[in-house]
Every structure is written in structure tokens, then in C-alpha cells.
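[1] sequence-free structure coming up:
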Ligand code: NZQ
Ligand code: ZN
């Protein structure tokens, strides 16, 4: 096991009607920025309940909606201006990963004199940030208790991230019922993203990591059991609850403690959703199996373990390589079963910009750790994903 430092300060408030607690959580702040996406929270009545809770607690707010999936920097800049005009002290993100990431980026920008894109290009280190609180409406990105934000700058279509402990939200409110209104495709995208967050940690060369191996396997098996159930029945509270909590645990740092994590597939996928504006989870369902087929020989035994323990492939299935490939095949079939694409073609992504994506993904050097991927490696993975 590697040495590690683990902290996750986000308070989780989970369950029925949890969103009605938001007013009391925000009471210490004089002015809040209420931040949300394209309107799903208004359609499902969540907006009205949040407003009621804020009013009852005597919390004042200004608001900024319109966050798009794969959130963009221009809206972050608008949020920063609003915060300074209204002396905002806290940002409340109501929505999914895109809204939360936009809120985190605004939180950074509101405490910085310069252009906050500097943080995304490693030209400046965050010194302070406004606190962020979350009401989550989709199980997916894990941003509700992660230390990261991912934003796309429209010029150059650069999708980049910042990680810093100041970006852990102060609290995250998780009510599985708030996910009932999600279209099946979005639930499936979320499941694919959650599975990828687990596997980015699972595929490691770190030794003696049995506890986190088994936590990762349990989290993946929970997705495999409850994912199809959650999609088949939008009001299955138990299934939604299992997926929602798995999504948070998958990305709150616990599963990676003591391990060297990979993240190559995410770096490649960010170039896809940066240019083509596809859902991040759908991009991962395409990239991850291709990455696996490209790297499994780096540690065949780990892939055999994945096949046997996660997918129930029998040791009698054949020699190691056959078992390893069967595990990858079953992952792909699972993605297909929940309605995810597994090729770039199914995502309607043409071949003409693969070179550009490979170059952008590796501009600052190789990506990933299980195998350090050069530009040529990324190109080979994208070709395998065609
Ligand atoms: O905008 P609205 O109208 O709310 O609609 C959203 C959006 O269209 C809709 N939606 C969300 N909750 C809903 C709902 N529709 C009906 N009912 C509900 N309850 O779903 C669509 C997708 O929302 P989005 O927030 O984009 O999804 P997700 O949570 O998957 O976030 C994706 C973003 O997170 C980033 C991704 O790159 C992507 O930009 N990530 C952030 C991470 C982090 N900060 O730690 C890690 C991840 O790996 C990921 O990169
Ligand atoms: Zn992700």
C-alpha cells in the first residue's frame, strides 16, 4: 500500500426530503448565489422547494441559471461578476456535475484578482475560494464531494480541470427521489461515469491494496446489480439510493487511498466531450473498454481478477488472457445493456479530429499511470474505439 493522506470534509445529508434542510445549512451566510442548469429543477418542482426553504431560514440570494452539460468558462465569468456585485458569501449548486463544477469555478474566480482560467492552465495556485453547497440531482460525476472542477473554455475547446482541497463542497444534499425525473439515457451516462471513477482507481500497479480492491469491486457490483433496476423503474427508491451513494463514494477519495490511480481514460474522454459536447459518461463507455484492450498486457493478473471477482468469469473459462478479455467483453455488454454506446461511430464522432484529440490530451506530457500514454498511444486507443 502507498503512503496516503485522506480527508473528505463534505457533510452528506441523505434521504427523503433532505433538500428541505438547505435553508438551515445556509443560515450563516448573508448572501448566496443560487446556481442551476437548463431548467430541470424548475420542471420537477425542486426550485420552488429550495426557494421556500431559503425564505423560511431568512437567507437572501441572487441567482444564475443556464449551466450547460460540459459547463463553459463564459458563464463562470458571469457568475464571478455577480458574486462581486452582490457580495456573495456562498454558492449553492442545485443540479449535476456540470452545475457543481461551474459553482466551484465561480467560487475560485470570486476570490482572485486575475483571470481564473489561470488555475486551469496551472499558471496560478488557488489561495482561497468561496464555500460551495450542493443539492444533487443526478448520480454521476461525484463532484458533490470531490475536490475538482472541470470546465471548457470555448476558445480552443479546451476542457481542463483544477483540483484543490478548498473545492470540496461544505455539504451535499442527496435525495434519491430527486433523480426520478432523469431520462434513462442520463442515468446510464451517470452509471458509466461512476464505473469509470472506480476503475480509474482499480487499475493500478500498487501492491498490497486488497481492502481498496475489494471496496472497488463491491462498488462496481452494486452498479451492475442496481443500474438496470434503476433504469427499468424510475421510482425504485432503493435502486436510486444505491446508485446515488455509490456515485459519491466512487469519487470522494476513499477508493483510491493507498493506490496510484490511473485517469488516462478520463484525460482522453475530456478531449472528446470538449470538442463534440457529448455526455461525459457516454464518452467513457466508449473510451474505457478501448483503453483496457490496449493496456491489459501491462498486468494481465489484475485484469483476470477484475473478470473473476467483478464479472463472475470462472477460472475454468480458459487461459489468463481469455479470462482477462472476457472481463472486458462483459463490461462492454453491460454498457450496451444499459443503453450506452461503445464506439465513436455510435456517438457520431467522425475520424477527422482524432489526431487533434490525441495531441491535446498529451500536450503537457504523457497521461495515465497504469501505462503512461504518449500521443501515439492515445491515437491507438481512439482507433480501437472507432
Ligand atoms: O441542466 P438541467 O436542466 O438540470 O439538465 C441536466 C443536464 O441536461 C440533466 N439533469 C440533471 N439532473 C436531472 C436532469 N434532468 C432531469 N431530472 C434530473 N433530476 O442531466 C443533464 C446532465 O447533467 P450534468 O450535470 O452535465 O451531468 P453530470 O453530473 O454527468 O456532469 C457532467 C460533468 O461533470 C464533469 C464532466 O466532465 C462533465 O462536464 N466531471 C466532473 C468531475 C468532478 N468535478 O469531480 C469528475 C468527473 O469525472 C467529470 O469529469
Ligand atoms: Zn468522470
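    Yes, it's here. Source: prediction; values computed, not measured. Ligands and ions are numbered 1, 2, ... in the order given.

[2] now stretch 88-108: how far from the chain's centre is it?
    14 Å (CA atoms, centre = their mean, to the nearest Å).

[3] same question, stretch 43-60
    With CA atoms, centre = their mean as the basis, the mean position of stretch 43-60 lies at 26 Å from the chain mean.

[4] please apply the same query to stretch 59-74.
    Using CA atoms, centre = their mean, the offset of stretch 59-74 from its chain centre is 18 Å.

[5] stretch 202-216 now?
    Distance, centroid of stretch 202-216 to centroid of chain: 20 Å (CA atoms, centre = their mean).

[6] now the end-to-end length of that stretch.
    Stretch 202-216 has an end-to-end distance of 6 Å (criterion: CA to CA, to the nearest Å).

[7] now stretch 340-352
    Terminal-residue distance, stretch 340-352 (CA to CA): 23 Å.

[8] is that stretch in proximity to ligand 1?
    No - looking at stretch 340-352 against ligand 1 by CB under 6 Å from any ligand atom, there are no contacts, and the closest approach is 12.8 Å. For the C-beta atoms, the positions are set from N, CA and C on the backbone; glycine is no exception.

[9] what residues of that stretch count as buried?
    Residues of stretch 340-352 classed as buried by neighbour count (16 or more other CB atoms under 10 Å): 340, 341, 342, 344, 347, 349.

[10] avg pLDDT for that stretch?
    For stretch 340-352, the mean per-residue pLDDT is 96.

[11] same question for stretch 286-294.
    98.

[12] off-centre distance for it?
    Counting by CA atoms, centre = their mean, stretch 286-294 comes out at 18 Å from the chain centroid.

[13] related to what we said a few turns ago, which among the buried residues of stretch 340-352 gets closest to ligand 1?
    residue 340 (12.8 Å; CB to the nearest ligand atom).

[14] tell me which element the closest residue to the closest one other than its chain neighbours is part of?
    Once flanking residues are discounted, residue 340 sits nearest to residue 285: 3.8 Å by CB to CB, 6 or more residues apart in numbering. Using DSSP states H and E, residue 285 falls within helix 280-295.

[15] what about the residue nearest to residue 340, neighbour count?
    By other CB atoms under 10 Å, 30 other residues sit near residue 285.

[16] could you measure from it over to residue 119?
    29 Å (CB to CB, to the nearest Å).

[17] residues near residue 165, how many?
    Residue 165: 12 surrounding residues under other CB under 10 Å.

[18] strands of the protein, residue ranges please.
    Assigned by DSSP state E, the strands in the chain fall at 11-14, 31-36, 60-64, 90-95, 132-136, 148-153, 158-163, 171-174.

[19] residue 258 is nearest to which of those strands?
    strand 158-163 (18.3 Å; CB to CB).

[20] neighbouring strands of that closest one in the sheet, and parallel or not?
    strand 148-153 (antiparallel) (DSSP bridges).

[21] now what about the partner strand, what contacts it?
    Strand 148-153 has contacts (CB atoms under 8 Å, 6 or more residues apart in numbering) with 70-73, 76, 97, 100-102, 104-105, 108, 117, 120, 143, 158-163, 167, 270, 274.

[22] mind checking which of the residues you listed are buried?
    Buried among the contacts of strand 148-153 (16+ other CB under 10 Å): 70-73, 76, 97, 100-102, 104-105, 108, 117, 120, 143, 158-160, 162, 167, 270, 274.

[23] so how many other residues sit close to the closest residue to residue 171 other than its chain neighbours?
    Leaving aside its chain neighbours, residue 171 sits nearest to residue 11 (4.3 Å; criterion: CB to CB, 6+ apart). Neighbour count of residue 11, defined by other CB under 10 Å: 13.

[24] what about residue 110, how many residues nearby?
    Neighbourhood size, residue 110 [other CB under 10 Å]: 23.

[25] re earlier: now do the contacts for the residue nearest to residue 340.
    Applying CB under 8 Å, 6+ apart, the residues near residue 285 are 189, 192, 335, 340, 341, 342.

[26] same question for residue 279.
    69, 185, 186, 189, 273 are the contacts of residue 279 under CB under 8 Å, 6+ apart.

[27] per-residue pLDDT, it?
    96.

[28] now it: how far from residue 332?
    The gap separating residue 279 from residue 332 is 18 Å, by CB to CB.

[29] got it, and residue 87?
    51 Å.

[30] those two - which one has more neighbours?
    residue 332 (20 against 10).

[31] count the residues that sit near the spatially closest residue to the more buried one that is not a sequence neighbour.
    Nearest non-adjacent residue to residue 332, counting by CB to CB, 6+ apart: residue 289, 4.7 Å away. Neighbours of residue 289 under the rule other CB under 10 Å: 21.

[32] ok, residue 87 - contacts?
    Neighbours of residue 87 in contact, by CB under 8 Å, 6+ apart: 30, 31.

[33] swap that for residue 172, please
    10, 11, 12, 13, 133, 134, 135, 136, 144, 145, 248.

[34] name the nearest residue to the spatially most central residue of the chain, ignoring sequence neighbours.
    Centroid-nearest residue in the chain, with CA atoms, centre = their mean: residue 141, separated by 2.1 Å. Using CB to CB, 6+ apart and skipping the chain neighbours, the partner closest in space to residue 141 is residue 97 (2.6 Å).

[35] you'd agree the one you found is up against residue 139?
    No - contact criterion CB atoms under 8 Å: residue 97 and residue 139 do not qualify, at 9.9 Å.

[36] name the residues that touch stretch 329-348?
    184-185, 187-189, 191-192, 195, 224, 227-228, 231, 272, 276, 278, 281-283, 285-286, 288-289, 292, 307, 311, 313, 351, 382, 385-386.
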